[in-house]
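Participant: Please work out how this folds:
(chains A and B)
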Amino acid sequence: GAVVSQHPSRVICKSGTSVKIECRSLDFQATTMFWYRQFPKQSLMLMATSNEGSKATYEQGVEKDKFLINHASLTLSTLTVTSAHPEDSSFYICSARDSSGSRRETQYFGPGTRLLVL
Amino acid sequence: QKEVEQNSGPLSVPEGAIASLNCTYSDRVSQSFFWYRQYSGKSPELIMSIYSNGDKEDGRFTAQLNKASQYVSLLIRDSQPSDSATYLCAVTTTYNNNDMRFGAGTRLTVKP
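Facilitator: Residues are numbered from 1 along each chain as shown, chains lettered A, B, ... in the order given. The predicted structure is shown next:
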C-alpha cells in the first residue's frame, strides 16, 4: 500500500520558536497533500491543502503567516509553525492524495507529529 | 447540516458480534467513499474504499453504499477487541476539487 512518512514524530520546543514538519509520499507522487490538526478527543481538522508548485489553500480561521506550507516537489510538503505558542500544541497529521487512476483520489495519512510547546 | 455525519457513539459490542457503523452525506454528487480507522494517539489508516452502489467485502469488513439514500456503512463481522478504535467516514466530491470531507468519527468498543 501507499506509504506516507512524517518527520519528526514528536517535538518539544520553547514558546516563540519555529518548528518544521516534513511530509513525504514514499512510493507515489502526490500533487496534493493535506495538513490536519487534531486536539485530544476531537476530530480531524483540515488546516490547509498543499498543491505542488503553487500556494497552499488555507481553511477559514487558519493563519497562513503562522502556518507556512511549502510543497516544492511531488513527494514532499513541509509545514512550519512559526513562533509557536502553547496553544499550538497538538497532533499534526499530513496526508497525501494518490491521483493515479487505480486509487481514485484516496488519501493516505502520515503517522503524525505530536508538538508540545512549553 | 454537516457534509458528512456520523453517530459519535460510543458504540459498544461484545466480542464476536457484528459492529455496524453508519454515515450519511449531504452532497448528492459525491463520488468516492472511504472508511478509516484511527486508534487513540495514532493517525488514521485506510480500511475500505467504495465507489459504486452495493456491498464491497474485504475480510471481516463490508462496506455498503446507497447513493439514492446518501448513506454508506461499514460492517465488522466477528468483532475483536483490537477493532476498538474510532472509525472515520470520508467522502469526496468533484465540485470541491475532490477534497475529502470527514465525519467526526464513531468510537467503537469491542468488549471481550
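
Participant: what's the following helix or strand after the lowest-mean-pLDDT helix or strand in chain B?
Facilitator: Least confident helix or strand, chain B: strand B:100-102 with a mean of 86, by mean pLDDT, DSSP states H and E. With elements assigned by DSSP states H and E, the helix or strand that comes after strand B:100-102 is strand B:106-111.

Participant: so where do the helices sit in chain B?
Facilitator: With DSSP state H as the criterion, chain B has no helices.

Participant: Near chain A, which residues of it are found?
Facilitator: Proximity of chain B to chain A (C-beta under 8 Å from any C-beta of the partner chain) is limited to residues B:32, B:34, B:36, B:41-46, B:49, B:51, B:88, B:90, B:92, B:97-100, B:102-105. Just so you know, the C-beta spots here come from the backbone N, C-alpha and C atoms, and that holds for glycine as well.

Participant: just for the chain, where's the confidence low?
Facilitator: The chain I'm using is chain A. A:1, A:101-104 (pLDDT under 70).

Participant: let's do chain B instead
Facilitator: Using pLDDT under 70, chain B drops low at B:1, B:94-98.

Participant: That one: strands as residue ranges?
Facilitator: Under the criterion DSSP state E, strands of chain B are mapped to B:4-6, B:11-14, B:19-25, B:30-38, B:45-50, B:54-58, B:61-66, B:71-76, B:85-93, B:100-102, B:106-111.

Participant: What parts of chain A come near chain B?
Facilitator: Proximity of chain A to chain B, by C-beta under 8 Å from any C-beta, involves residues A:1, A:34, A:43-44, A:46, A:49, A:91, A:93, A:97, A:104-112.

Participant: Which members of those are positioned in helices?
Facilitator: Within the residues of chain A next to chain B, no residue falls in helices by DSSP H.

Participant: Give me the subset of the residues you listed that lies in strands.
Facilitator: Among the residues of chain A next to chain B, DSSP E puts A:34, A:46, A:49, A:91, A:93, A:97, A:106-109 in strands.

Participant: So which of the strands of chain B is nearest A:Lys64?
Facilitator: strand B:100-102 (20.8 Å; C-beta to C-beta).

Participant: Direction included, what does that closest one pair against?
Facilitator: Strand pairing for strand B:100-102, determined by DSSP bridges: strand B:85-93 (antiparallel).

Participant: For the nearest residue to B:Arg77 once chain neighbours are set aside, list the residues it contacts.
Facilitator: Counting by C-beta to C-beta, 6 or more residues apart in numbering or on different chains, B:Arg60 is the residue found nearest to B:Arg77 once chain neighbours are left out, at 4.7 Å. Counting by C-beta atoms under 8 Å, 6 or more residues apart in numbering or on different chains, B:Arg60 makes contact with B:76-78.

Participant: Can you select the buried ones from those in ChimeraX?
Facilitator: Filtering the contacts of B:Arg60 down to the buried ones (16 or more other C-beta atoms under 10 Å in any protein chain shown) takes a single ChimeraX command:
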select /B:76
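
Participant: And the strands in chain A?
Facilitator: Under the criterion DSSP E, chain A contains strands at A:4-7, A:10-13, A:19-25, A:32-38, A:45-51, A:57-58, A:67-73, A:76-81, A:90-98, A:106-109, A:113-117.

Participant: That's all I had, so thanks and see you.
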